[in-house]
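1. Quick check, what structure comes out for this input:
(2 chains)
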Amino acid sequence: MRDKLEIEATSRTPAVVFDFAGNHLKISGESYPEDVTEFYRPVFEALDEYLGGLGQGSCRFDFELIYLNSSSAKAVMMLMDKLEAAAANGASVDIHWLYDKEDDTMQELGEEFGEDLEFAKFHLEKMSV
Amino acid sequence: MLAGQLMDLRSMLHKQGVIFAYSGYVTEPVLSGVGEALKQKLTIDDADTKTLRSVFAIFVEQMQNIIRYSAEMQLAPPPPASDAGALKEIRYGILTIGREGVDYIVCAGNLVRQTDVERLRERLSRIRDMNKEELKALYKEKLRADPEEGSKGAGLGFMEIARRATQPIEFDFVEVDADYTFFALKATI
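-> Here you go, the predicted structure:
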């Protein structure tokens, strides 16, 4: 199994830093890719592979998104679903949603995602900018 | 003559409070470029963070609606097999960003097929008449649902626009010919 996935941020896509060896995964920045499916495909694949081997282990996932368009919201929901499924299967999963305190839209979006989580632990936090 | 004609066009836009206007074929790089200029202008205007993000978010959804759904389009020649992801068509639309008093306005227009007008009108009326709580509930429902037939995104664009706007969205249709209607959508932030 690979021990990390790193994708550098562009003006339209977020930075992805998945430290699988350290069980710390993070997506940060802005997300409004030209082609959402193409951007998130390798992210989903790497996450599936990692979560498949996580078992009863623990992991932390940080969402530090400044802005995401509506098609990216769907991709984020799919990430949440994968994390929730791993937690339902016995993993200890902590999801941290960090939002800019000056943009309550992103705070609300985080709350909406958090409401659907039953097994994964959800933390809503202000970004320390 | 030349300067007069262009200046008339510019004056007409100015009178309507328009700061940015794009009319033509829209591609993703156009979205990127105009989007960068828009961010800079909003920063210079000293718009607060929430306004800046909302104007930008609505701009992105409006532009992507044109790119994906405008019925006025030209097909590109088939790309070589090695570049299967290449652009297959370009679509035509108009987008303006301007001011009305203290508000920012983002308007977009494009042709739609007559057969799509009623469905679009119903969908937009429903979204326009919802309060923020109802919009939130519908957004969550659509986020979970499979995309509708013919949808190339998540089907959430109009709701994202309505949620980010500070006033109810406005929309209008003008029949062009037997096959097409011009559709306009206005968001106030």
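
2. Going by C-alpha atoms from here, please, whenever you check contacts or count neighbours.
-> OK.

3. Secondary structure of residue A:54: a helix, I assume?
-> No: assignment of residue A:54 by DSSP: H, G, I helix; E, B strand; the rest coil gives coil, placing it outside any helix.

4. how far away is the residue nearest to it when sequence neighbours are not counted from chain B?
-> Once flanking residues are discounted, residue A:54 sits nearest to residue A:91: 6.8 Å by Cα to Cα, 6 or more residues apart in numbering or on different chains. For residue A:91, the distance to chain B equals 23 Å [Cα to the nearest Cα, to the nearest Å].

5. for chain A, what are the nearby residues on chain B?
-> Applying Cα under 8 Å from any Cα of the partner chain, we find that chain B lies next to chain A at B:28, B:32, B:49-50, B:53, B:57, B:60-61, B:140, B:143, B:153-157, B:160, B:164.

6. Buried ones among those?
-> Neighbour-count burial (16 or more other Cα atoms under 10 Å in any protein chain shown) applied to those gives B:28, B:32, B:50, B:53, B:57, B:60-61, B:140, B:143, B:153-157, B:160, B:164.

7. how about these, which pair is most distant?
-> B:32 and B:140 (27.7 Å; Cα to Cα).

8. end to end, how far does stretch B:160-170 reach?
-> Start-to-end span of stretch B:160-170 (Cα to Cα, to the nearest Å) is 14 Å.

9. my guess is residue A:101 meets residue A:128, correct?
-> No: in this structure, residue A:101 is not within contact of residue A:128 by Cα atoms under 8 Å, at 9.1 Å.

10. residue contacts, the most centrally placed residue in chain B?
-> In chain B, the residue lying closest to the centroid (Cα atoms, centre = their mean) is residue B:62, at 1.9 Å. Contact analysis of residue B:62 by Cα atoms under 8 Å, 6 or more residues apart in numbering or on different chains lists B:95, B:107, B:108, B:157.

11. Which helix or strand lies directly C-terminal to the strand or helix carrying it?
-> Per DSSP states H and E: residue B:62 is located in helix B:49-69. Once the chain leaves helix B:49-69, the next helix or strand it forms, by DSSP H and E, is strand B:73-75.

12. mind listing the helices in chain A by residue range?
-> Along chain A, the stretches classed as helices by DSSP state H are A:36-52, A:70-88, A:104-115.

13. Wait, a helix at residue B:159?
-> Yes: under three-state DSSP, residue B:159 sits within a helix.

14. correct me, but it touches residue B:127?
-> Yes: with contacts counted by Cα under 8 Å, residue B:159 reaches residue B:127, the gap being 6.7 Å.

15. so what sits against both of the two?
-> If you check residue B:159 and residue B:127 against Cα under 8 Å, 6+ apart, the residues they both contact are residue B:135.

16. who does the biggest strand by length in chain A touch, helix- and strand-wise?
-> Ranked by residue count, the top strand of chain A under DSSP state E comes out as strand A:58-68. Packed against strand A:58-68 by the contact rule (3 or more Cα pairs under 8 Å, 6 or more residues apart in numbering or on different chains; DSSP states H and E) you find strand A:24-31, strand A:92-99, helix A:104-115.

17. mind running it again at 7 Å?
-> strand A:24-31, strand A:92-99 (3 or more Cα pairs under 7 Å, 6 or more residues apart in numbering or on different chains; DSSP states H and E).

18. Residue B:20 - how many residues pack around it?
-> Residue B:20 has 16 neighbours, counted by other Cα atoms under 10 Å in any protein chain shown.

19. Ok, the one 4 residues further on next?
-> A total of 11 residues lie near residue B:24 under the criterion other Cα under 10 Å.

20. Identify the bridge partners of the nearest residue to it once chain neighbours are set aside.
-> Among residues not flanking residue B:24 along the chain, residue B:92 sits closest, at 5.2 Å (Cα to Cα, 6+ apart). Per DSSP bridges, the residues bridged to residue B:92 are residue B:25.

21. ok, residues contacting the helix or strand hosting residue B:124?
-> Assessed by DSSP H and E, residue B:124 sits inside helix B:114-128. For helix B:114-128, the external contacting residues (Cα atoms under 7 Å, 6 or more residues apart in numbering or on different chains) are B:135, B:159, B:168, B:169, B:179, B:180, B:181.

22. just these now: which is nearest chain A?
-> Ranked by distance to chain A (Cα to the nearest Cα), the contacts of helix B:114-128 are led by residue B:159 at 8.8 Å.

23. OK, contacts around that closest one?
-> Residues in contact with residue B:159 (Cα under 7 Å, 6+ apart) are B:127, B:135, B:139.

24. and chain A, which residues reach chain B?
-> Chain A has residues A:34, A:69, A:70, A:71, A:74, A:102, A:103 near chain B, with proximity defined as Cα under 7 Å from any Cα of the partner chain.
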